[in-house]
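1. coords please:
(one chain, ligands or ions: 2)
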Amino acid sequence: MTAGSGQVYVVTGGCGFLGSHLVRMLLEHEKNISEIRVFDLHLDESLRSLSNNRVRVRLISGDISHLDDVREALHGSHLVIHTASLVDVWGRVPASKINEVNVTGTENVLQACKEEGVQYLVYTSSMEVVGPNIHGDHFYRGNEETEYRIYHKEPYPLSKAKAEKLVLEANGTKMKGGKMLYTCSLRPTGIYGEGHELMKKFHRQGLRTGRCMFRAIPPAIEHGRVYVGNVAWMHLLAARQLQIHPSTLGGQVYFCYDSSPYKSYEDFNMEFLSACGFKMIGSRPLVPYFLLYLLALLNTLLQWVLHRFFIYAPILNPYTLAVASTTFTVQTDKAEKHFGYRPLYAWEEAKKRTITWIKSLEVREKDLKDVGAKGNYCCN
Ligand SMILES: NC(=O)C1=CN([C@@H]2O[C@H](COP(=O)(O)OP(=O)(O)OC[C@H]3O[C@@H](n4cnc5c(N)ncnc54)[C@H](O)[C@@H]3O)[C@@H](O)[C@H]2O)C=CC1
Ligand SMILES: CC(C)CCC[C@@H](C)[C@H]1CC[C@H]2[C@@H]3[C@H](O)CC4=CC(=O)CC[C@]4(C)[C@H]3CC[C@]12C
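-> Ligands and ions are numbered 1, 2, ... in the order given. The predicted structure is shown next:
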């Protein structure tokens, strides 16, 4: 197939953690495309060099909260994978901004699809549209039909739930020329893998404490996690099958997970960090929950006091503590039944790739600054 004869895919947020893996996945595994438009507010120029003689990778700088930007990016395209979002549960950005990007931005993508006659939209939603809620209701091996007391107060999960509702309601919209808009929504659990910014933070924190991590969450709490490569793979399959079986996938939601082990968030991270010499201190939380909660509240107070001077957004706040302390795992075969999804990467491969990436961070840390005295580890 020569460049130009295939389909044009748009990936909003295509320079992000998931988005950049998705662009590479499409290049490697999707033979029906001739152009991938990477639409993002912050462009990663390195993606441009991924173009080859079959597929052009075209970077488009734009803001999904501006309809004109979105309309221009979608003009002449065939399918949109909408991953762009402000992912913030730490109070880094105001709620209004989260809403503007995650909800109004999604409204703009839908509006542009209708105006430009783009028939297919795959939306990257999140487990957070379901939970966990802050009441501590566990979601244990749940699926897309499992009843759950959904309760959103935080801007991010609220915005993702509103956006997903808009996407699903738009399924079946009639467009000019008698065409129909088909949509579906994928709900990844906590994504990990090469490029995960939060993992970088945990890694840096651990280096500062002599590679010692201090347990805060009971090990019995389980959190579903999914490798970024499998999330990208699931998006590719959903995009492919939405075109072939729109009546099956249209208007549907699918949890996105893989064979990554069910563990507490901290113990799961240690699957990678322990291979880099990190140790978890404590077989149970070193600090009682009420003290952690007081610390979380103190962080919220400090954030408020300091917000006129700078953004203080520590990892621990009442919301992240509540989420981390509540089991949320999924088990479902809906995506397999509807569009043949099975993880492309087995757990051992995902683990190996993530460890290799973290080790590359260490090399960079050593290159960037003097690590000081060698062997200064607390737990020799
Ligand atoms: N990271 C995780 O654990 C999970 C993420 N998700 C969802 O996956 C998607 C991707 O998340 P990540 O890759 O983790 O986040 P990310 O922050 O790495 O990527 C988001 C991308 O969207 C872009 N973006 C933000 N505001 C924009 C705007 N106004 N206009 C255009 N582009 C804009 C950013 O520049 C970034 O490249 C999001 O929709 C998120 O809600 C879902 C479940 C878990
Ligand atoms: C007690 C500690 C300070 C808690 C550390 C872990 C927390 C920072 C993380 C535990 C659960 C994470 C969230 C979960 O994976 C679901 C998510 C889905 C998304 O769409 C975005 C990210 C996140 C909210 C994720 C964020 C970090 C945790 C709260």
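2. Trp90: what secondary structure?
-> When classified by DSSP: H, G, I helix; E, B strand; the rest coil, Trp90 comes out as coil.
3. Show the contacting residues for it.
-> Ala313, Pro314, Ile315, Asn317, Thr320 (C-beta atoms under 8 Å, 6 or more residues apart in numbering). In short, each C-beta sits where N, CA and C put it, glycine included.
4. Wait, the third one touches Lys201, no?
-> Yes - taking contact to mean C-beta atoms under 8 Å, the distance of 6.6 Å between Ile315 and Lys201 places them in contact.
5. which of the two has more neighbours?
-> Neighbour tally, Ile315 and Lys201, criterion other C-beta atoms under 10 Å: the higher count belongs to Ile315, 15 against 12.
6. mind saving the C-alpha coords of the longest helix along the chain as CSV?
-> Of all segments of type helix in the chain, defined using DSSP state H, the longest is helix 347-368. In CSV, the C-alpha atoms belonging to helix 347-368 read as follows (Å, rounded to 0.1, in the frame of the first residue of the first chain):
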residue,chain,number,x,y,z
TRP,A,347,2.9,-10.0,32.5
GLU,A,348,6.6,-11.2,32.4
GLU,A,349,7.2,-9.2,29.3
ALA,A,350,5.4,-6.1,30.6
LYS,A,351,7.4,-6.4,33.8
LYS,A,352,10.7,-6.8,32.0
ARG,A,353,10.1,-3.8,29.8
THR,A,354,9.1,-1.6,32.7
ILE,A,355,12.1,-2.6,34.8
THR,A,356,14.4,-1.9,31.8
TRP,A,357,12.9,1.5,31.5
ILE,A,358,13.3,2.3,35.3
LYS,A,359,16.9,1.2,35.1
SER,A,360,17.4,3.6,32.2
LEU,A,361,16.1,6.3,34.6
GLU,A,362,18.9,5.4,37.0
VAL,A,363,21.5,5.8,34.3
ARG,A,364,20.0,9.2,33.5
GLU,A,365,19.9,10.2,37.2
LYS,A,366,23.6,9.3,37.5
ASP,A,367,24.4,11.3,34.4
LEU,A,368,22.4,14.3,35.6
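7. Which parts of it count as buried, going by neighbours?
-> Applying a neighbour-count criterion of 16 or more other C-beta atoms under 10 Å, the buried positions in helix 347-368 are Ala350, Lys351, Arg353, Thr354, Ile355, Trp357, Ile358, Leu361.
8. For the second one, which non-adjacent residue is spatially closest?
-> Counting by C-beta to C-beta, 6 or more residues apart in numbering, Lys351 lies nearest to Glu271, which is 6.0 Å off, once chain neighbours are set aside.
9. Find the helix or strand that the one you found is a member of.
-> Secondary-structure element containing Glu271, defined by DSSP states H and E: helix 265-273.
10. Does that helix reach ligand 2?
-> Yes - Helix 265-273 comes into contact with ligand 2 (C-beta under 6 Å from any ligand atom), by way of Tyr265.
11. Please list the residues of this protein that sit near ligand 1.
-> The chain comes close to ligand 1 at residues 13, 15-19, 40-42, 63-65, 83-87, 101, 105, 124, 126, 160, 188, 190-191, as judged by C-beta under 6 Å from any ligand atom.
12. Taking those residues, please make a PyMOL selection of just the buried ones.
-> Restricted to the buried members of the residues of the chain next to ligand 1, where burial is judged by 16+ other C-beta under 10 Å, the PyMOL selection command reads as follows:
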select buried, resi 13+15+16+17+18+19+40+41+63+64+65+83+84+85+86+87+101+105+124+126+160+188+190+191
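13. Could you list which of the residues of the chain next to ligand 1 belong to strands?
-> Asp40, Thr124, Pro188, Gly190, Ile191 (DSSP state E).
14. Name the residues of stretch 206-216 that are buried.
-> Buried residues in stretch 206-216, counting neighbours by 16+ other C-beta under 10 Å, are found at Gly206, Leu207, Arg211, Met213, Arg215, Ala216.
15. ok, and of these, which contact ligand 2?
-> Ala216.
16. Please narrow the buried residues of stretch 206-216 to those residing in helices.
-> Checked against DSSP H, these include these in helices: Gly206, Leu207.
17. Output the buried residues of stretch 206-216 as JSON lines; include the columns pLDDT.
-> Output for those, formatted as JSON lines (pLDDT from 0 to 100):
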{"residue": "Gly206", "pLDDT": "96"}
{"residue": "Leu207", "pLDDT": "94"}
{"residue": "Arg211", "pLDDT": "97"}
{"residue": "Met213", "pLDDT": "97"}
{"residue": "Arg215", "pLDDT": "97"}
{"residue": "Ala216", "pLDDT": "97"}
